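Trainee: predicted model and sequence follow; I will ask about them next.
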Amino acid sequence: MVVYRNAQNTHRPTKSSLTLVIKVGTSSICDEKTHYPLLGNLSRIVETILELKRQGHRVVLVTSAAVGTGLRRLNLNEKPKKLAAVQAIAAVGQGRLMSMYDDLFGQFNQPVAQILLTRNDLADRSQYLNAVNCLEELLDMGVVPIVNENDSISVTEIKFGDNDTLSAITAGMVKADYLFLMTDVDCLYTDNPRSNPNARPVLVCDDIDALREEITVTTPGTSLGTGGMVTKLVAADLATAAGVTTCIARGSTPENIMPIIAPGDKKTPPHTRFVAKPNPLIDRKWWILHGLHTAGTIEIETSAAKEITKSAARQGTAGASLFVDAVAKVEGNFVEHQAVRLVVRHTPEQGGETAMVAKGIVNYSAAEIVRIMHARSSNIVDDLGYKDADCIIHRDNMATSL
């Protein structure tokens, strides 16, 4: 059972100094109709972060609203559909947004830093580690990193999709203790409480897959934002896999974060707590699963899937490498050293659909794998005229999703 009426204050870190990632959505920063900044909300967010830092915690702020702020600056009424126009508006708004944060934090002599990311920035392992090191150095300096997606250059292939996902990946990068997804309701409900009076609050969840079957989350978010409760469930799934306790709370009352993280405080404000996984993914496996763009799909045999997932309980480590004789189908035009999904097809009695079992970095391109599959010889050198590796994906470059 994943829905509880009486949430117990358990499964929380007991360290005196915590690393917190706070994600603030567009609806908490900009008025949806006028696009004017909600300075009262912004001030409370800033004051909350300053109090958390005074208590000795390290805080990263993930912020939305570059587009909303840009619309106000350019006196536009609604977000255009043309990608280049949205990117231009985001470029205008990002500078204005950081100026507001710098002014508010500057009243208390608190330095801030702007970090703009796309998924492409994290696709290369060295760039990923550089981003991690930069964030860690800023936190060690006492700076508040302010992270946003680089909407001015992002396209579909390299976008995180929404800042909920970005905040979860950021939380994994800094090995956060908590991720707070601030929204316009107190917590997650089994249905929309505005339209269904029988909707129940979800206060504690330790099984997100089971939760998805019990609730209805179809709200797409505001006209300015890109998220909604669906994206928050995805973010919670990503963050808890990295060992990060994730909370959904009301963005207009960010001061509620203090009692939520306070040790021994049983009278916490309403919020939804997603319990962190007891065996989180190690850094490299996390990067493969969530830092890399998925360039294609390889369908594998059921026996190979069982071998690969044999060691899944041990921090996502693959139990075996993937060899060509276990490949059933190749989809996409990926090249070597890109990441692909590994899926297995269920039997007709189970619905016949595919399910993802792992993600890994390939040693050969899609065309090369197909050529090896269709060749009569079992020798890669004979098939291609060369051999870069014995296997399609080595177990060290593979992370299971189970």
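Mentor: It's in.

Trainee: what's the helix or strand for the residue positioned nearest the centre of the chain?
Mentor: Within the chain, the residue whose C-alpha comes closest to the C-alpha centroid is residue 165; the distance, by Cα atoms, centre = their mean, is 2.9 Å. Residue 165 is part of helix 163-173, with elements assigned from DSSP states H and E.

Trainee: need the phi and psi values for residue 329.
Mentor: When quoted as degrees, to the nearest 10, the phi and psi of residue 329 stand at phi -160, psi 150.

Trainee: who touches it in this structure?
Mentor: Residue 329 makes contact with 298-299, according to Cβ atoms under 8 Å, 6 or more residues apart in numbering. Using the backbone N, CA and C atoms, a C-beta is placed for each residue, glycine as well.

Trainee: again with residue 166
Mentor: Contacts of residue 166 were listed using Cβ under 8 Å, 6+ apart, and they are 23, 62, 117, 147-149, 160.

Trainee: can you turn the buried part of those residues into a ChimeraX selection?
Mentor: For anyone working in ChimeraX, the buried entries among these, judged by 16 or more other Cβ atoms under 10 Å, can be selected with:
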select :23,62,117,147,148,149,160
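
Trainee: what's the most distant pair in the contacts of residue 166?
Mentor: Longest distance between any two of the contacts of residue 166 is 13.4 Å, between 23 and 117; criterion Cβ to Cβ.

Trainee: in this structure, which spans are helices?
Mentor: Shown for the chain, the helices assigned by DSSP state H span residues 39-54, 66-73, 83-106, 119-123, 125-140, 163-173, 208-214, 229-241, 257-261, 283-286, 302-308, 366-374, 380-384.

Trainee: so which of those helices is the most packed in?
Mentor: helix 163-173 (a mean of 28; mean count of other Cβ atoms under 10 Å).

Trainee: close enough to count as contact, the residue nearest to the centre of the chain and residue 235?
Mentor: Yes: with contacts defined as Cβ atoms under 8 Å, residue 165 counts as touching residue 235 at a distance of 5.6 Å.

Trainee: can you count the residues close to the closest residue to residue 88 other than its chain neighbours?
Mentor: Residue nearest to residue 88 in three dimensions, not counting chain neighbours: residue 152, with 7.5 Å by Cβ to Cβ, 6 or more residues apart in numbering. Applying other Cβ atoms under 10 Å, we find 18 residues neighbouring residue 152.

Trainee: can I assume residue 152 is in contact with residue 93?
Mentor: No: when contacts are counted by Cβ under 8 Å, residue 152 is not listed as touching residue 93 (9.6 Å).

Trainee: ok so, going back, let me see the contact set for the residue nearest to the centre of the chain.
Mentor: Neighbouring residues of residue 165 by Cβ under 8 Å, 6+ apart: 231, 234-235, 238.

Trainee: let me see the domain layout of the chain.
Mentor: With the TED database as the criterion, the domains of the chain are listed as 19-280, 294-400.

Trainee: a markdown table for these, including mean pLDDT and distance to residue 286?
Mentor: As requested, the domains of the chain are exported to a markdown table (pLDDT from 0 to 100; distance: least, Cβ to Cβ, whole Å):
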| stretch | mean pLDDT | distance to residue 286 |
| --- | --- | --- |
| domain 19-280 | 86 | 5 |
| domain 294-400 | 83 | 8 |
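
Trainee: now render the ones you listed as CSV, adding distance to residue 288.
Mentor: Below are the domains of the chain laid out as CSV (distance: least, Cβ to Cβ, whole Å):
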stretch, distance to residue 288
domain 19-280, 9
domain 294-400, 4
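
Trainee: and of these, who's closest to residue 287?
Mentor: Judged by Cβ to Cβ, the one of the domains of the chain that comes nearest to residue 287 is domain 19-280, at 5.5 Å.
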